[in-house]
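# Next one to model:
(one chain, ligands or ions: 1)
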Amino acid sequence: MDSGYPAPFDAVAAVYDRQFTDTTIGRVQRELVWEQLEGWFGAGDRVLELGCGTGEDAVWMAGRGIEVVATDASGAMLVQAEAKARAAGVLEKVRFERLDLARAEEQMPPDGVPFDGALSNFGALNCVADRRALGRALAGWVRPGGIVVLVVMGRLCAWEIAWFLVRLRPRTAFRRFRQGRAAGIGEGCSVPVWYPGPMQVRRDLGPEFKCLHTRAVGALVPSPDLAPLLGGRRRLLAGLARLERPLAPALVWLADHYLICFERRDHA
Ligand SMILES: C[S@@+](CC[C@H](N)C(=O)[O-])C[C@H]1O[C@@H](n2cnc3c(N)ncnc32)[C@H](O)[C@@H]1O
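Just a heads-up that it's a prediction; the model follows:
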């Protein structure tokens, strides 16, 4: 696939899986998301993925019989994702498209046919300054009754704050309070990042979407910053995930990410 114009995440596409997806903490956090997705999307559904990165979720959904149109602003991420789908033997279930969420309203959904659902996992939404335009676009892209699942980086990540305070790095500890400031994404690159809370995301998506539920992802399970301390402790991380599951709805405000799920309203 042609990379086309450069995007900030192009520079980290080749190392993203090593730095996050394939780490123990990354795996445990993603499992928590997949457990939720199993309840919302099933075989035969058509799902639009936004900010798909290296395609980990697209491949997982395709393996469950879901038709996926996986999109990202980064051509290099899409190259990685397509290679992963080919290696997994699910290429006939996934189509990859360039889609910039910052210009969502100018773009039609691939096919022009509304989707049964949409997913954006692990912070793609945090890279978008104006999410209201995205909400308006999603209202056209997802059919009435369809489900939108967004996994967003929260502002107050308890693990991260504690970790950096103990290491006497208060600016880093509270970095998520600085909206739109450049955040490092690896390989010496940074992008501007926003940390909207669940109430803000509800307002941003607009009146066409009804919020069904919100839950923490990575509240007791730590953020990837803790990898040097806890990254190798598989049993401990599995235990923290077990503890987190029942508490997740109450821990939304303290987590690395939160998952927020919407239904596209049906006005008929
Ligand atoms: C932290 S990664 C998450 C990737 C993937 N969803 C996952 O779960 O691993 C954020 C992704 O959002 C994409 N992204 C950032 N800004 C974007 C934009 N304006 N439009 C579309 N994708 C964007 C990046 O290219 C990157 O692949």
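# Would you check how far apart Val151 and the ligand are?
Relative to the ligand, Val151 is positioned 7 Å away (CB to the nearest ligand atom, to the nearest Å). C-betas here are computed from N, CA, C, even on glycine.
# repeat for Leu37
In terms of CB to the nearest ligand atom, Leu37 sits 11 Å off from the ligand.
# Need phi/psi at the residue nearest to Leu50 when sequence neighbours are not counted.
In space, and not counting its chain neighbours, Leu50 is closest to Ser120: 4.1 Å by CB to CB, 6 or more residues apart in numbering. Main-chain dihedrals, Ser120, degrees, to the nearest 10: phi -140, psi 110.
# Can you name the residues bridging to Ser120?
Bridge pairing for Ser120 (DSSP bridges) gives the partners Leu150.
# So that it lines up with my notes, have the first residue be 3 from now on.
Okay, using 3 as the starting number, the last item reads as Ser122.
# ok, residues contacting stretch 16-28?
Stretch 16-28 is contacted from outside by 11, 14, 29, 32, 55-56, 58, 78-79, 82, 124, 188-189, 223-226, 228-229, 232-236, 239, using CB atoms under 8 Å, 6 or more residues apart in numbering.
# hang on, the earlier thing: how many other residues sit next to the residue nearest to Leu52?
When neighbours are counted by other CB atoms under 10 Å, Ser122 registers 24.
# That one contacts Leu50, correct?
No - using CB atoms under 8 Å, Ser122 is not in contact with Leu50; the gap is 9.2 Å.
# and the nearest residue to Cys191 once chain neighbours are set aside, helix, strand or coil?
Among residues not flanking Cys191 along the chain, Ala13 sits closest, at 4.7 Å (CB to CB, 6+ apart). With DSSP: H, G, I helix; E, B strand; the rest coil as the basis, Ala13 sits in helix.
# Do a quick rundown of the strands in the stretch 3-152 of the chain.
Using DSSP state E, counting those that start in this stretch, the strands of the stretch 3-152 of the chain run over 48-52, 69-74, 96-100, 117-122, 144-155.
# Using TSV, lay out those strands together with mean pLDDT.
Shown next, in TSV, are the strands of the stretch 3-152 of the chain (pLDDT from 0 to 100):
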stretch	mean pLDDT
strand 48-52	97
strand 69-74	96
strand 96-100	96
strand 117-122	97
strand 144-155	97
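# who wins for proximity to Gly41 among these?
strand 144-155 (9.5 Å; CB to CB).
# Name the residues of that closest one that are buried.
Judged by neighbour count (16 or more other CB atoms under 10 Å), strand 144-155 contains these buried residues: Val144, Gly148, Ile149, Val150, Val151, Leu152, Val153, Val154, Met155.
# Out of these, the closest to Phe264 would be?
Val150 (4.4 Å).
# pretty sure Lys212 contacts Cys263?
No - Lys212 is beyond contact range of Cys263, at 9.9 Å (criterion: CB under 8 Å).
# what about those two, which has more around it?
Higher neighbour count among Lys212 and Cys263: Cys263, with 21 against 13, using other CB under 10 Å.
# that's a strand at that one, yeah?
Yes - read with three-state DSSP, Cys263 is one of the residues of a strand.
# What's the local residue count around Arg138?
There are 16 residues near Arg138, going by other CB under 10 Å.
# What's the local residue count around the residue of the stretch 3-152 of the chain found nearest the ligand?
Residue nearest to the ligand within the stretch 3-152 of the chain (CB to the nearest ligand atom): Gly55, separated by 2.5 Å. A count of nearby residues for Gly55, using other CB under 10 Å, gives 26.
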